[in-house]
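A.B. asks: How does the following fold in three dimensions:
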Amino acid sequence: GYLLAFVPRGVLTLDPIEGELHTYRFNKHSIAHHFCGKCGCAPFAEGTGPDGSEMAAVNLRCIEGIDLGAVKIAQIDARSF
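C.D. replies: Below you'll find the model as predicted:
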């Protein structure tokens, strides 16, 4: 499952293996959901924030060495948007 952290797109740096990162766009096609073509994990997505700035949603479960127990979690009800 996802555990997302939202950051400005310029903060995210990538080192993907060429040809293994694929993209899917759901519904309105406004968010680019990226996933690994080999294992299917979804490390991040790209889109725009409410103010129009470029944003990235990073799946913290895909980051090595992070202490997920120390992450402060804010519950979001996406149906209310």
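
A.B. asks: what comes up buried for the helix or strand hosting Phe6?
C.D. replies: With elements delineated by DSSP states H and E, Phe6 resides in strand 4-8, which encompasses its position. By neighbour count on 16 or more other CB atoms under 10 Å, the buried set for strand 4-8 is Leu4. All C-beta atoms are positioned from the backbone trio N, CA, C, and that covers glycine.

A.B. asks: Could you do stretch 26-36 as well?
C.D. replies: Applying a neighbour-count criterion of 16+ other CB under 10 Å, one finds 31, 33-35 buried in stretch 26-36.

A.B. asks: Flag the shaky bits of the protein, pLDDT-wise.
C.D. replies: Within the chain, the stretches falling below the threshold (pLDDT under 70) are 16-19, 81.

A.B. asks: Kindly recompute the last result at 90.
C.D. replies: Across the chain, residues meeting the criterion (pLDDT under 90) sit at 1-2, 13-21, 26-28, 36-41, 49-50, 63-64, 73-81.

A.B. asks: Please name the residues that touch the residue most central in space within it.
C.D. replies: The geometric centre of the chain, computed from its C-alpha atoms, lies nearest to Phe44 (CA atoms, centre = their mean), at 2.6 Å. The contact partners of Phe44, taken as CB atoms under 8 Å, 6 or more residues apart in numbering, are 12, 14, 34, 56-59, 62.

A.B. asks: filter those residues to the buried ones?
C.D. replies: With neighbours counted using 16+ other CB under 10 Å, these contain these buried positions: 34, 56-59.
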